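Enquirer: sequence first, then the predicted structure, then my questions.
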Amino acid sequence: MKVKQRGSGWSIRLVFNLYKLFGYKFVYFLMYPVSFFYFIFASNVKSSLKIYYKTLDLKFNNWIYFEHLRMFAVCLVDRFISKYDPYSYKFIYEKNDSILKMMDTKSILLFSHFGGWASSASNPATKNKINIVMHEVILNSIKDVENKIDKKTSNIKIIDQAMGQISVSIEIANAISNNEVIAIMADRSTHNKYKYKTKFFNKDAYFNKNPFKISYKTKTPILCCFVINIGLQEYKVETIKLHLNFDLNENEAIDIAIKEYVKLFENILLKYPNQWFNFYNFWENK
């Protein structure tokens, strides 16, 4: 799946410099005119979001479209600012300590392209090393801006899927053997062999089977994380332990677990529909 990239290096750099000069509130309200620009010119995004809201059986109009774009702009800006000043952000974890304690040993965090997942990596809830398995689709110019920001989070490591499947598999195996955390996106697979078709809002869609496969083979628990924007530099983190039955055969256990995850994801999207940032037809058969 080739996803069209959003934003540009110069615009992110400009916004980041404005933040350092005028503070966060200035940048937050600046996202209104920035979002309006994309509201006018990003017609292909509007077409995809129409399909999305229709599939969820939710109302869609110009104001909802604008607010979806604005929420994306805010979460994208937060991704960069949170790296520069992680302690200016507040993350409220909904589950008790026993759930969060899972991350102190080997575990799989199941993320999606939803809300402030990237910002949460700047101020994690564990001291354990978190290995984020990802394949960035942002422009190189935006990556350059991010790389130049002082990293104040020492326990985050990126496992870039551009290294190739074998290298990535070795990195994941090493991390699990060291009792570290693996964070993987469930809503987008970068390899056809890991695409898993299932019903999503009663229509066929494809999810990433790989984290479930890793969990089954290594007997590693899965923790679903949804990072929800609830205000200026404030996020609520809903964490749910996923039940993967290791006594079943692999295919059956994975099928049940993916369906459980999809049901959780559906419930989250119905409550916060404007915080999922897949700007293409997710149900299109590619």
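Expert: Structure's in. What do you need?
Enquirer: buried residues in stretch 193-213, which are they?
Expert: By neighbour count on 16 or more other C-beta atoms under 10 Å, the buried set for stretch 193-213 is 194-196, 200-201, 205-213. The way it works is simple: take the backbone N, C-alpha and C, and place the C-beta from them, glycine included.
Enquirer: in those residues, find the pair that's most separated.
Expert: Pairwise distances across the buried residues of stretch 193-213 (C-beta to C-beta) peak at 24.0 Å, for the pair Phe201 and Lys213.
Enquirer: what about Asn174, how many residues close to it?
Expert: Counted by other C-beta atoms under 10 Å, the residues lying close to Asn174 total 12.
Enquirer: ugh, wrong one, I meant Phe22
Expert: Taking other C-beta under 10 Å as the criterion, the count of residues near Phe22 is 11.
Enquirer: distance of Phe200 from Tyr206?
Expert: The gap separating Phe200 from Tyr206 is 9 Å, by C-beta to C-beta, to the nearest Å.
Enquirer: same question but for Glu94, I mixed them up
Expert: For Glu94, the distance to Tyr206 - C-beta to C-beta - is 28 Å.
Enquirer: cool, Ser177 as well?
Expert: Here the criterion is C-beta to C-beta. By it, Ser177 lies 30 Å from Tyr206.
Enquirer: all strands of the stretch 101-250 of the chain, in order?
Expert: For the stretch 101-250 of the chain, the strands defined by DSSP state E, counting those that start in this stretch occupy 107-111, 130-134, 156-160, 181-185, 195-200, 203-208, 222-231, 234-242.
Enquirer: quick one: strands adjacent to the last one?
Expert: According to DSSP bridges, strand 234-242 has the following sheet partners: strand 90-93 (parallel), strand 222-231 (antiparallel).
Enquirer: so what's the residue nearest to Phe265 when sequence neighbours are not counted up against?
Expert: Nearest residue to Phe265, sequence neighbours excluded (C-beta to C-beta, 6 or more residues apart in numbering): Ser112, at 6.6 Å. Neighbouring residues of Ser112 by C-beta atoms under 8 Å, 6 or more residues apart in numbering: 185-187, 226, 265, 276.
Enquirer: could you dump these to TSV with pLDDT?
Expert: Formatted as TSV, those follow (pLDDT from 0 to 100):
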residue	pLDDT
Met185	93
Ala186	94
Asp187	92
Phe226	95
Phe265	97
Trp276	97
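Enquirer: ok, how many other residues are close to Lys241?
Expert: Neighbours around Lys241, by other C-beta under 10 Å: 14.
Enquirer: next: the one 4 residues further on.
Expert: Using other C-beta under 10 Å, Asn245 has 12 neighbouring residues.
Enquirer: lowest-confidence entry in the buried residues of stretch 193-213?
Expert: The member of these with the lowest pLDDT is Tyr194, at 90.
Enquirer: name the nearest residue to that residue, ignoring sequence neighbours.
Expert: Tyr194's closest residue in space is Asn210 (C-beta to C-beta, 6+ apart), at 4.2 Å.
Enquirer: am I right that the one you found is in contact with Ser189?
Expert: Yes - Asn210 is in contact with Ser189 according to C-beta atoms under 8 Å; the separation is 6.8 Å.
Enquirer: gap between the helix or strand containing Leu76 and the chain center?
Expert: Under the criterion of DSSP states H and E, Leu76 resides in helix 62-84. Distance of helix 62-84 from its chain centroid, counting by C-alpha atoms, centre = their mean, to the nearest Å, is 13 Å.
Enquirer: stretch 38-52 too?
Expert: That offset, for stretch 38-52, works out to 20 Å (C-alpha atoms, centre = their mean).
Enquirer: tell me where the model's unsure across this protein.
Expert: Across the chain, residues meeting the criterion (pLDDT under 70) sit at 1-9, 95-96, 136-148, 150-153, 285-286.
Enquirer: hmm, back to that, on contacts alone, who are the packing partners of the helix holding Leu76?
Expert: Applying 3 or more C-beta pairs under 8 Å, 6 or more residues apart in numbering; DSSP states H and E, we find helix 62-84 packed against helix 9-22, helix 24-41, helix 43-55, helix 117-120, helix 140-148, strand 222-231.
Enquirer: make CSV out of those and add distance to Glu250.
Expert: CSV is the format used below for these (distance: least, C-beta to C-beta, whole Å):
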stretch, distance to Glu250
helix 9-22, 42
helix 24-41, 43
helix 43-55, 30
helix 117-120, 27
helix 140-148, 36
strand 222-231, 15
